[in-house]
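Visitor: sequence plus predicted model, see below.
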Amino acid sequence: MIESAKSLPIDDGEICALLEWQFFEFEGGITHQLKAAPIVCLHGWGARAEVWLPLIAKLRSYADVYTVTLPGFGGQNSHVFDYQNANLLSEIEAGLPDQCHLLGWSLGAMLACELGAKSPKVISVAALACNRRFTANSQWPWAMGIETFQAFVQSFQDKPEKTQRRFLALQCLGDNDSKRCSQLMQTMNAECEDVSTWKSALLLLGDIDLHESIVAMQKQNKKLGFWFGDKDALVPSEAAKQLKTSYKSFVDLEVHTLAGVGHVLPLNIGGVLEFELEQFFGSNQNLNRCLQDNAEANDLQLAEAHESSTLNVNQLAVNDERPELGMEGLSFIPVAEPRAPDGVFFLDKQKIAKSFSRAAQQYDSVADIQRRIGHRLIELGRASSKPIAEAGPILDLGCGTGYFTGLLHEKLQMPAGQSDAGDKPDVIGLDLAQGMLSYARDRWARGVDESNNTMPLQWLAADAEALPLTPACIGLLFSSLAIQWCQNTNKLFSEIKRVLKPGGEALIATLGPETLDELRQSWAEVDDFPHVNEFTGKDELLTAIEGAGFANVEFIEESIELEFDSVKQLNYELKTLGAHNMNAGQAGGLLSRKKLKTLLSAYEKHRKLKPVNHEHEYSCEAKPDLRSREESYLPATYQVYYLLLTA
């Protein structure tokens with residue numbers, strides 16, 4: 001049992017009689033610079049609020065946590081209650097803290113979604129083991145059959161204790177850790193003191209349809225996330241796919257499926273769920289969006305402006321309730337080290353930020369491909385972009401070491417007569433990695449470009465999927481080889497479109513899924529773990545761009561082949577760049593001699609001959625084996641996408 005849980009005093013006697021609240025105080029200390037908004041947890045049918053205890057130990061590392069015991073399900077409020085006729089949502093809403101997140105499981109998740117759509121206090125909702133409908137109908141057949149549900153209700157009416165035991169078994173069925181899950185649930189199940197109360201809650205569960213709530217939350221720009229277990233015996237995992245398809249244009253909707261997990265997701269600790277919930281709640285990114293138009297909120301100082309700056313980032317930053325922080329204190333990334341079950345892979349943003357931060361000092365020494373692609377993007381921008389003087393502030397999204405940040409004015413075709421600093425628009429370098437930003441700021445500390453002119457440069461630590469900038473404040477966005485590290489492309493392009501001025505432009509270079517395919521194929525002969533980063537394909541990118549509503553889109557694809565003498569040389573470059581394997585769920589431990597030998601042998605199958613002059617060409621064609629290793633190379637192919645977008 002977690003200590004320091006406190007009863008939450010509520011003045012309204014009616015609410016106090018119906019709902020029991022517990023408070024678990026934030027324990028993040030100095031390890032989490034930014035405290036998220038409070039998280040309120042609603043449990044499922046048949047369980048008590050104690051089902052949240054395993055997750056609370058993690059949640060309270062970055063937020064205050066409240067649990068609510070629903071009427072009739074334990075605590076001091078196990079009395080008769082009619083869920084179908086009482087206005088339960090209003091009574092829960094009355095006790096919510098201002099600006100909070102809701103975390104619900106099963107029935108509690110459905111209540112949380114309905115409450116999130118109606119209450120201005122709610123910032124976002126995370127719904128675990130929750131479908132649009134618990135029971136199937138003609139509009140939503142991907143749910144429990146209505147006959148099965150009705151039989152369960154009747155069984156509960158006739159034999160409540162036996163049916164509850166059966167329900168417990170179904171909740172844990174299929175889970176990779178079903179034995180532990182069952183043991184824990186036996187201690188967390190509520191005792192049924194009134195069958196009519198529990199039956200009314202069951203009937204409410206069967207009646208709710210969340211379609212209108214999902215639509216309403218989207219209209220309010222509230223973030224909504226669904227988490228499914230692929231082994232859930234009560235909520236079919238097929239519903240996850242259908243939610244994605246049915247609401248694919250909803251940029252604030254996330255749908256996740258956890259491998260090897262049954263219905264009791266709150267007990268899935270030490271895995272992907274903890275990490276993804278921290279991504280969802282911990283950065284407080286939802287609060288940014290909800291407080292943008294709140295004139296009474298205090299401005300957040302997001303970065304230190306250089307003395308020569310003509311534009312203060314504060315003028316662009318959203319309002320927020322967080323304390324003022326300088327560059328050294330600012331962080332939008334989680335501190336937890338995620339662990340993924342077998343077969344579940346996702347981009348680990350904390351790992352990305354740490355890796356690139358460590359690589360900052362050596363990055364430029366091996367960044368030839370990055371320079372090549374970035375300069376190519378600039379050339380494309382010269383041909384398509386409006387004059388920089390008309391563009392307004394420039395954002396270098398994923399600025400890294402700042403190599404291009406300070407060059408954008410001159411490289412992007414400065415108009416004639418525009419030479420002094422007073423004519424130059426301000427440039428903001430934004431990156432997820434603190435180490436990169438520190439290096440970039442030191443690099444341009446004198447505020448000079450290649451022409452030795454003063455430059456209005458500023459630096460900002462943030463996530464590209466939650467840009468802390470006001471709408472329509474950026475004239476030109478430049479991003480070279482950065483967005484491939486983003487997980488949610490819908491959210492990413494929605495944010496880019498939001499911060500661009502009408503008619504503003506985005507010049508973006510990113511990597512496609514065929515990047516380093518030779519290395520991926522070689523690793524596939526070693527084991528089944530992900531060793532090469534997975535990047536988003538063309539169709540998914542264009543769908544996200546279309547959904548964001550850009551006025552004009554130009555898509556250019558290029559394949560670049562680099563030459564290496566050995567796998568060791570390629571691996572050294574990737575590690576020095578900080579661009580090695582970023583997948584959570586990768587294999588752990590050292591590589592054995594046998595696996596290394598298999599990898600090297602597999603990659604050698606891709607070795608190519610270098611071009612030769614014509615006088616020796618005949619011999620090479622006749623006897624290619626006579627060519628020396630000095631006359632051959634191992635290829636590493638980069639699939640590059642260039643995106644030229646107009647808002």
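Guide: Yes, it's here.

Visitor: switch to C-alpha atoms for all contacts and neighbour counts from now on
Guide: Will do.

Visitor: low-confidence ranges in the stretch 501-647 of the chain?
Guide: 573-591, 612-630 (pLDDT under 70).

Visitor: ok, now the chain?
Guide: Across the chain (using pLDDT under 70), the flagged ranges come out as 1-18, 28-34, 75-79, 270, 282-367, 384-391, 409-425, 445-456, 573-591, 612-630.

Visitor: for it, longest strand please?
Guide: Longest strand in the chain by number of residues (criterion: DSSP state E): strand 632-646.

Visitor: for that strand, which positions count as buried?
Guide: By neighbour count on 16 or more other CA atoms under 10 Å, the buried set for strand 632-646 is 632-646.

Visitor: restricting to C-alpha, output that strand in PDB.
Guide: Taking C-alpha atoms only, strand 632-646 is exported to PDB below (Å, rounded to 0.1, in the frame of the first residue of the first chain):
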ATOM      1  CA  SER A 632      34.700  -2.300 -53.400                       C
ATOM      2  CA  TYR A 633      32.500  -0.900 -50.700                       C
ATOM      3  CA  LEU A 634      29.500  -1.600 -48.400                       C
ATOM      4  CA  PRO A 635      26.500   0.600 -49.300                       C
ATOM      5  CA  ALA A 636      24.300   2.400 -46.900                       C
ATOM      6  CA  THR A 637      21.300   3.900 -48.600                       C
ATOM      7  CA  TYR A 638      19.300   6.800 -47.300                       C
ATOM      8  CA  GLN A 639      15.800   7.400 -48.600                       C
ATOM      9  CA  VAL A 640      15.200  11.100 -48.300                       C
ATOM     10  CA  TYR A 641      11.900  13.000 -48.500                       C
ATOM     11  CA  TYR A 642      11.800  16.700 -49.200                       C
ATOM     12  CA  LEU A 643       8.500  18.400 -48.200                       C
ATOM     13  CA  LEU A 644       7.700  22.000 -49.400                       C
ATOM     14  CA  LEU A 645       4.500  23.100 -47.600                       C
ATOM     15  CA  THR A 646       2.400  26.200 -47.700                       C
END
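
Visitor: for it, name the packing helices and strands.
Guide: strand 500-511, helix 517-524, strand 552-564, strand 608-609 (3 or more CA pairs under 8 Å, 6 or more residues apart in numbering; DSSP states H and E).

Visitor: quick one: which of the ones you listed is nearest Trp485?
Guide: Nearest to Trp485 among the helices and strands packed on strand 632-646 is strand 500-511; the distance by CA to CA comes to 9.2 Å.

Visitor: and the residue nearest the centre of the chain?
Guide: By CA atoms, centre = their mean, the chain has its centre lying nearest to Gln487, at 5.2 Å.

Visitor: domain parsing for the chain?
Guide: 5-288, 342-622+631-646 (automatic domain parsing).

Visitor: so how far is the longest strand of the chain from its chain's centroid?
Guide: 25 Å (CA atoms, centre = their mean, to the nearest Å).

Visitor: so in that sheet, which strands flank that strand, and in what orientation?
Guide: Here strand 632-646 has these sheet partners by DSSP bridges: strand 500-511 (antiparallel), strand 552-564 (antiparallel), strand 608-609 (antiparallel).

Visitor: just the angle for that strand relative to helix 517-524, thanks.
Guide: Comparing the axes of strand 632-646 and helix 517-524 via axes from the mean of the first three to the mean of the last three CA atoms, to 10 degrees yields an angle of 120 degrees.

Visitor: hang on, the earlier thing: let's have the strands paired with strand 632-646 in a markdown table, adding distance to Asn268.
Guide: Formatted as a markdown table, the strands paired with strand 632-646 follow (distance: least, CA to CA, whole Å):
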| stretch | distance to Asn268 |
| --- | --- |
| strand 500-511 | 33 |
| strand 552-564 | 41 |
| strand 608-609 | 48 |
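
Visitor: the host helix or strand of Leu476 packs against which elements?
Guide: Per DSSP states H and E, Leu476 falls inside strand 474-480. Applying 3+ CA pairs under 8 Å, 6+ apart, one finds that strand 474-480 contacts helix 368-384, helix 388-391, strand 394-397, strand 500-511.

Visitor: list the buried residues in the last one.
Guide: Which is strand 500-511. Buried residues in strand 500-511 (16+ other CA under 10 Å): 500-511.

Visitor: outside of that strand, which residues touch it?
Guide: Residues from elsewhere that reach strand 500-511, judged by CA atoms under 8 Å, 6 or more residues apart in numbering: 373-374, 377-378, 381, 385, 391, 471-484, 496, 535-536, 638-647.

Visitor: distance check, Ala482 against Glu540.
Guide: Look at Ala482 and Glu540: by CA to CA, to the nearest Å, they are 17 Å apart.

Visitor: between those two, which has more neighbouring residues?
Guide: Ala482 (19 against 12; other CA atoms under 10 Å).

Visitor: that one contacts Leu397, correct?
Guide: Yes: look at Ala482 against Leu397 with CA atoms under 8 Å: they come within range, at 7.2 Å.
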